[in-house]
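Asker: Provided below for reference: sequence and predicted model.
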Amino acid sequence: MAKLFKISAQRYDQRKRVRKENTREAATFSQVAMSGYKLISRKHMDPLANALSRNRHLREIELRDCQLRAQPLESLAISLMDIPHLNQINLTTNTLERGVAHKEKDKYGFTAYETDLTGMLALGQLAKKQQLLRILDLSKNGLTYGSAEILMENLPGHPSLTELNLSVNDLGPKGAVYIAKILKKNPVLRLLDVRSNRLMPVGVDLLCRALRTNMVLTSLNLRNNKIDSDTIRVLADTLRVGAKSLVHLDLGYNHIDPHGLKTLGYAMLTPRVVLQTLILDHNPLTNAGKDFDGVKGFSKALRNNRTLTYLSMQGVRLVADSENVRYSAGLDMRVERARSIEGIQALAEALRINNVLMAVDLRQNKISPHSARCVINAFRVKPTCLPFVKIVRRSVDWFLARVLYRYPEYPMASRSWLRIRLYRNLFHFMEQERQLIGDW
């Protein structure tokens, strides 16, 4: 009986050992995603970091809304140092700079914490060592300019980092200095999101000047950074001179007045500007419906633009408040009503001529069905359009030149006719239906 019990115990230990080895082999996952764990302390992070350090197949790690602080971040970054194929780090909605709590509360009764940058130092060294890292998301972490300096010391020259998200932090103008240096020195960065960082006009000015030598950035988000018309002038000069690859620009929730809108429109007339998406939501572009000169100048430039495919102008007051009030038949009232819809009429005239713009978002502008008729009729005149006309024409011309080079005996007089025939046959299949987004 004792012998049988000994054999069964040995078999149980053997099965337990095999099960543990199989579990260890199965733990070679390629993605870790944790969301909503309200507190990851050093005590809880050490076992997780120990498990991750043994994994050689990890490619993506996401710790969203976990209240991750400086010391747990340090142990996490150290555990990920030797992983060979890590290409995405998402640490959004945490407190990466939060250190030890003070004993005394502040004047508002809240607990105050010390600023601890040890976790960000370890994260910067991790980003520098991981040569395959493509995406780094540090949004909604309350990061200050100290973290921006750490990133500036480690990210320039990174061979594969293409997306950097630093939105909804507290970088300020000092942090913009270091972000501008990253833009100058990083050769592959294509997406930069710095919205809601209180960069102020001084910080955005530095970013614009850094863009003049950057030829790879394709998307830039500057939403809610208190940009004024003077900064728009610097941005317009940057678009004319550099930023050859910038196709997505978000300038929503800033302080751009009619003069700044007109300056931006003149910059879009430059042939080297290749913007395809422009977002101008919730800016005082008309000074609450009192000045439509900026919209008129921008619409005039929009007629000749051949690259912009999406335009968003939500909440910019394209129609004055007086348009929504019923007036009597007096002459002054008719003049006032005609003046109140000058902005949307100018935009409608541009849409009649422009054959590239695919979608226009005009929500939250208090546009009545009566004043929306001009825009609707403009879309009826040209219900379809050709996106990226310059690129299409360039490729067609290149194809035609190649064909004619192969057949030099083709008559010279018929070459222009052949080009027109190609355009007519190809553009018919490439046209797409336009979209007008409104709430009237």
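Answerer: Structure's in. What do you need?
Asker: and stretch 137-154, end to end?
Answerer: End-to-end distance of stretch 137-154 (Cα to Cα, to the nearest Å): 15 Å.
Asker: so what strands line up beside the longest strand along the chain?
Answerer: With residue count as the measure and DSSP state E as the assignment, the chain has strand 98-105 as its longest strand. With DSSP bridges as the test, strand 98-105 is paired with strand 111-115 (antiparallel).
Asker: can you list the weak-confidence ranges in the stretch 251-400 of the chain?
Answerer: Low-confidence regions of the stretch 251-400 of the chain, defined here as pLDDT under 70, cover residues 322-333, 386-393.
Asker: do that again at 80, thanks
Answerer: Scanning the stretch 251-400 of the chain for pLDDT under 80 picks out 321-338, 382-400.
Asker: can you map out the strands along it?
Answerer: Using DSSP state E, counting those that start in this stretch, the strands of the stretch 251-400 of the chain run over 277-279, 310-312, 359-361, 384-385.
Asker: turn those into a markdown table, including mean neighbour count.
Answerer: (C-beta placed from N, C-alpha, C; glycine too.) What follows is the strands of the stretch 251-400 of the chain, written out as a markdown table (neighbours: other Cβ atoms under 10 Å):
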| stretch | mean neighbour count |
| --- | --- |
| strand 277-279 | 19 |
| strand 310-312 | 20 |
| strand 359-361 | 18 |
| strand 384-385 | 17 |
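Asker: for these, which one sits closest to Lys184?
Answerer: With Cβ to Cβ as the measure, strand 277-279 is the member of the strands of the stretch 251-400 of the chain nearest Lys184 (24.1 Å).
Asker: list the contacts of the closest one.
Answerer: The set of residues that contact strand 277-279 without belonging to it, under Cβ atoms under 8 Å, 6 or more residues apart in numbering, is 223, 247-252, 308-312.
Asker: try it again with 7 Å
Answerer: For strand 277-279, the surrounding residues in contact (Cβ atoms under 7 Å, 6 or more residues apart in numbering) are 247-252, 308, 310-312.
Asker: now swap in stretch 265-273 and tell me
Answerer: The list of residues contacting stretch 265-273 from outside it, by Cβ under 7 Å, 6+ apart, reads 236, 239-240, 244, 275, 297-298, 301-302, 304-305, 308.
Asker: neighbour count and distance to Leu264 for those - can I get that in a markdown table?
Answerer: Compiled in a markdown table, these are given as follows (neighbours: other Cβ atoms under 10 Å; distance: Cβ to Cβ, whole Å):
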| residue | neighbour count | distance to Leu264 |
| --- | --- | --- |
| Ala236 | 21 | 6 |
| Leu239 | 22 | 8 |
| Arg240 | 17 | 11 |
| Lys244 | 14 | 18 |
| Leu275 | 20 | 10 |
| Gly297 | 19 | 9 |
| Phe298 | 28 | 7 |
| Ala301 | 19 | 8 |
| Leu302 | 24 | 11 |
| Asn304 | 11 | 14 |
| Asn305 | 20 | 11 |
| Leu308 | 21 | 11 |
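Asker: how about the residues you listed in TSV, adding distance to Glu336?
Answerer: Rendered in TSV, the data for the contacts of stretch 265-273 read as follows (distance: Cβ to Cβ, whole Å):
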residue	distance to Glu336
Ala236	33
Leu239	37
Arg240	38
Lys244	45
Leu275	35
Gly297	22
Phe298	23
Ala301	27
Leu302	26
Asn304	31
Asn305	31
Leu308	32
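Asker: from those residues, which land in helices?
Answerer: Secondary-structure check on the contacts of stretch 265-273 using DSSP state H: residues within helices are 236, 239-240, 297-298, 301-302.
Asker: out of these, which is nearest to Asp193?
Answerer: Lowest distance from Asp193 to the ones in helices among the contacts of stretch 265-273 (Cβ to Cβ) belongs to Leu239, with 18.9 Å.
Asker: residues contacting that closest one?
Answerer: So Leu239 contacts 267, 270, 273 (Cβ under 7 Å, 6+ apart).
Asker: neighbour-wise, which of the residues you listed leads?
Answerer: Ranked by neighbour count under the definition other Cβ atoms under 10 Å, the contacts of Leu239 are headed by Ala267 with 19 neighbours.
Asker: relative to Ser299, how far out is that residue?
Answerer: Here Ala267 is placed at a distance of 15 Å from Ser299 (Cβ to Cβ, to the nearest Å).
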